[in-house]
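Peer 1: Model the structure of this input:
(2 chains)
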2 protein chains.
Amino acid sequence: MHEITQRILAGDVRGAARAITCIENDYPERGQILRELFPHTGRAKLIGITGTPGAGKSSLVDCLIGYLRLLGLKIGVVAVDPTSPFTGGALLGDRVRMQNHALDPGVFIRSMGTRGSLGGLSSNTRDAVRVLDAYGCEVVLIETVGVGQSELDVMTIADTTIVVLNPGGGDSVQAFKAGIMEIADLFVINKADLPGVDKLQIEVEQMLDLVKHDAPWRPPIVRTISTENHGMSELWAEAERHFRFLQESGRLTEQRSRHLQDEVLEIVRDHIYRRMLRKMQGGAYAAEMNRVAEREQDPCSTAETIVRDLFGHSR
Amino acid sequence: MHEITQRILAGDVRGAARAITCIENDYPERGQILRELFPHTGRAKLIGITGTPGAGKSSLVDCLIGYLRLLGLKIGVVAVDPTSPFTGGALLGDRVRMQNHALDPGVFIRSMGTRGSLGGLSSNTRDAVRVLDAYGCEVVLIETVGVGQSELDVMTIADTTIVVLNPGGGDSVQAFKAGIMEIADLFVINKADLPGVDKLQIEVEQMLDLVKHDAPWRPPIVRTISTENHGMSELWAEAERHFRFLQESGRLTEQRSRHLQDEVLEIVRDHIYRRMLRKMQGGAYAAEMNRVAEREQDPCSTAETIVRDLFGHSR
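Peer 2: Numbers count the residues shown, from 1 in each chain, chains lettered A, B, ... in the order given. Next comes the predicted model:
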């Protein structure tokens, strides 16, 4: 067993931190550690928190952590920021707020940005969550900055997805556009002391009538004011209720099994792609690639030639 | 030669429309048509137009079409809306505005949404653009609804990428966050009659100092008021200037060649993935997939077993 695995299972926080660094940088030991941790995962409740930028997600998460700590729960937070794929930089300034819990050993907070293109944010996040699960976090919060496609992908990891909205600004329509209504298990109207709360609530209810009218779970709407620490017990009660629904209906097992299977497909695809890139970087298919660059052959025919070769003419 | 190919090359608008339908639905003739069209592509200028929702992109595109028609150019527009991957629905209401040009035979407008997951929006858009190129459009505008990752991917198709911003609302910072500054070749400040224009211009200039300080092309900033048809000649002059820069510096050929090569890799990857899915749907690896669903084996080990089998133990 890898030394890092041992440390994580012994509850060593620096072991967990090092494992996530291995994941982010795709170090060779990543595979071994995750393989060894796997039997120790599946115990944490995975809560996704998403919503439009500026909806106050960070401060809500901050508040929720405080509440969950009062309940004596060990908490992990993975804050996901799919910033520029070009600079690799991360604008995680508002994460600073979460430093409120920096000295609490019962809270582990980690930010993840896009690094490299292979592997990808989604699988890195999933593996980081797994580390925190094995490390003993009873709840892992997965927070995203925005509501783009990458965020939707990330949310497939969660058992329960919380969507944070704000009164005013046509927030609900935006949420609908981004496909977020479909993945929400629970809505939070944060900043519920601002005008327009009732209007927003009605809009969301109407959207739910449309999208979830025959679903066995209708997402509840909880109002919070995170700046005043207001609404956390209601929020958590609804999250717990959703988790019980998942357990009792058999959906939890089903959903998690499906995620594991999807993950296999993803890893296989990545493997194959890397294998192909390696081969091409070694000089294979240089002539074909030149022909396509010179527009002498179309990309599709070129691709077919390569596939035929990769699989040795067999179908 | 396929009948649809012949019709497109003869300038038949319904041929072009049918080809795009074939692409969207991934009909079997897609491959043949695109292969046959390929030698007739590469002539159109491909202009991407993106920006935050509400920046007035649709009405700007509407205006720009009008201007380009005055110049006597034949125009294609592909409006890309990566809406919900779940419902498959498209909220393309604002496309209605573009119906201004519905009766003009010199303008071909088509909306594309996310259909299916294989193939993907980006490759469908690329192929639709190719159809319009072969059909004889001298300029093809590729417009996206938002600025998420899918939109950034789509923009790699364009020769020139225009980013539309609005005064007020911290638009420039948002743009920066989404990685959009890096792909912009030209900025438009639309609604330039609103307060805050100078401030926004300064902000964008500052961002450019940061991101593009040593780049051979510094994106110009053009002010427009599309509701008053204002600024179109300036906008097009700058777009033309950028295109000349690409041509004279050799970047146009280089960039397009790289895109073609990337496309080959993408198609190969899709091919391989489909092949794997077919095999699995045929019952292969059912035992392995069950084991992972039951948590008896971790996803990574399972994936390795499958890869080893797919490639017949060879490395």
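Peer 1: Mind listing what's buried along stretch A:267-287?
Peer 2: A:267, A:268, A:269, A:270, A:271, A:272, A:273, A:275, A:276, A:280, A:285 (16 or more other C-beta atoms under 10 Å in any protein chain shown). (C-beta placed from N, C-alpha, C; glycine too.)
Peer 1: In helices, which of the residues you listed fall?
Peer 2: Using DSSP state H, the subset of those located in helices is A:267, A:268, A:269, A:270, A:271, A:272, A:273, A:275, A:276, A:280.
Peer 1: Give me the below-cutoff pLDDT ranges for chain A.
Peer 2: Within chain A, the stretches with pLDDT under 70 are A:82-100, A:102, A:114-119, A:146-150, A:168-179, A:312-315.
Peer 1: per-domain residue ranges of it.
Peer 2: Using automatic domain parsing, the domain parsing of chain A gives A:40-249, A:264-310.
Peer 1: Mind putting those into JSON lines with distance to chain B?
Peer 2: Formatted as JSON lines, the domains of chain A follow (distance: least, C-beta to the nearest C-beta, whole Å):
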{"stretch": "domain A:40-249", "distance to chain B": "3"}
{"stretch": "domain A:264-310", "distance to chain B": "4"}
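Peer 1: so which of those domains gets nearest residue B:43?
Peer 2: Nearest of these to residue B:43, taken as C-beta to C-beta: domain A:264-310 at 11.3 Å.
Peer 1: mind checking the end-to-end distance for that closest one?
Peer 2: One end of domain A:264-310 sits 21 Å from the other (C-alpha to C-alpha, to the nearest Å).
Peer 1: Off-centre distance for it?
Peer 2: In terms of C-alpha atoms, centre = their mean, to the nearest Å, the centre of domain A:264-310 is set 30 Å apart from its chain centre.
Peer 1: Next: stretch A:251-268.
Peer 2: Going by C-alpha atoms, centre = their mean, where stretch A:251-268 is centred and where its chain is centred differ by 14 Å.
Peer 1: hmm, who's touching it?
Peer 2: Stretch A:251-268 is contacted from outside by A:42, A:123, A:126, A:156-157, A:159, A:243, A:245-246, B:273, B:276-277, B:280, B:288-289, B:292-295, B:299-300, B:302-303, B:306-307, B:310, using C-beta atoms under 8 Å, 6 or more residues apart in numbering or on different chains.
Peer 1: Now for residue A:3, how many residues are close by?
Peer 2: 11 (other C-beta atoms under 10 Å in any protein chain shown).
Peer 1: what do you get for residue A:300?
Peer 2: Neighbours around residue A:300, by other C-beta under 10 Å: 20.
Peer 1: residues contacting it?
Peer 2: B:31, B:34, B:35, B:267.
Peer 1: Mind giving me the packing neighbours of whichever strand or helix holds the second one?
Peer 2: The secondary structure element spanning residue B:34 is helix B:29-37 (assigned by DSSP states H and E). Counting contacts by 3 or more C-beta pairs under 8 Å, 6 or more residues apart in numbering or on different chains; DSSP states H and E, helix B:29-37 is packed against helix A:299-310, helix B:3-9, helix B:13-24, helix B:120-135.
Peer 1: Distance to residue A:49 added to the ones you listed, as a markdown table?
Peer 2: Formatted as a markdown table, those follow (distance: least, C-beta to C-beta, whole Å):
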| stretch | distance to residue A:49 |
| --- | --- |
| helix A:299-310 | 40 |
| helix B:3-9 | 48 |
| helix B:13-24 | 35 |
| helix B:120-135 | 27 |
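Peer 1: right, so those: which one is the most enclosed?
Peer 2: Mean neighbours per residue, mean count of other C-beta atoms under 10 Å in any protein chain shown, is largest over the helices and strands packed on helix B:29-37 for helix B:120-135, with a mean of 24.
Peer 1: who does that helix touch, helix- and strand-wise?
Peer 2: helix B:3-9, helix B:13-24, helix B:29-37, strand B:75-81, strand B:107-113, strand B:139-144, helix B:149-155, helix B:251-281.
Peer 1: Just want the angle from the helix or strand just after the third one to helix B:120-135.
Peer 2: Sequence-wise, the next helix or strand downstream of helix B:29-37 (DSSP H and E) is strand B:45-51. With axes from the mean of the first three to the mean of the last three C-alpha atoms, to 10 degrees defining the directions, strand B:45-51 sits at 140 degrees from helix B:120-135.
Peer 1: between the domains of chain A, which gets nearest to residue B:201?
Peer 2: domain A:40-249 (21.6 Å).
Peer 1: Max pairwise distance over the contacts of residue A:300: which two?
Peer 2: It's B:35 and B:267 that sit farthest apart of the contacts of residue A:300, by C-beta to C-beta, at 12.0 Å.
Peer 1: Skip the chain neighbours and tell me the closest residue to residue A:239.
Peer 2: Using C-beta to C-beta, 6 or more residues apart in numbering or on different chains and skipping residues adjacent in sequence, the residue nearest residue A:239 is residue A:160, 5.6 Å away.
Peer 1: cool, and residue A:71?
Peer 2: residue A:236 (7.8 Å).
Peer 1: Would you double-check that that neighbour falls in a helix?
Peer 2: Yes - Residue A:236: assigned to a helix according to DSSP: H, G, I helix; E, B strand; the rest coil.
Peer 1: Which residues are in contact with it?
Peer 2: A:64, A:67, A:68, A:71.
Peer 1: Just give me the closest of these to residue B:108.
Peer 2: Nearest member of the contacts of residue A:236 to residue B:108, counting by C-beta to C-beta, is residue A:64, at 50.8 Å.
Peer 1: distance of the closest one from residue A:230?
Peer 2: 12 Å (C-beta to C-beta, to the nearest Å).
Peer 1: ok, back up a step: let me know which of the domains of chain A is tucked in deepest.
Peer 2: domain A:40-249 (a mean of 19).
Peer 1: can you give me how far that domain is from the chain middle?
Peer 2: Averaging C-alpha positions (C-alpha atoms, centre = their mean) puts domain A:40-249 9 Å from its chain's average.
Peer 1: Now do the end-to-end distance for that domain.
Peer 2: First-to-last residue span, domain A:40-249, C-alpha to C-alpha: 24 Å.
Peer 1: Please apply the same query to stretch A:49-61.
Peer 2: 8 Å.
Peer 1: Run a quick neighbour tally on residue A:12.
Peer 2: Other residues close to residue A:12 by other C-beta under 10 Å number 14.
Peer 1: secondary structure class for the residue nearest to residue A:55 when sequence neighbours are not counted?
Peer 2: In space, and not counting its chain neighbours, residue A:55 is closest to residue A:164: 4.5 Å by C-beta to C-beta, 6+ apart. With three-state DSSP as the basis, the three-state label of residue A:164 is strand.
Peer 1: how close does residue A:164 get to residue B:294?
Peer 2: From residue A:164 to residue B:294 the distance is 35 Å (C-beta to C-beta).
Peer 1: same check, this time on residue A:224
Peer 2: Taken as C-beta to C-beta, the span from residue A:224 to residue B:294 is 38 Å.
Peer 1: swap in residue A:270?
Peer 2: Taken as C-beta to C-beta, the span from residue A:270 to residue B:294 is 23 Å.
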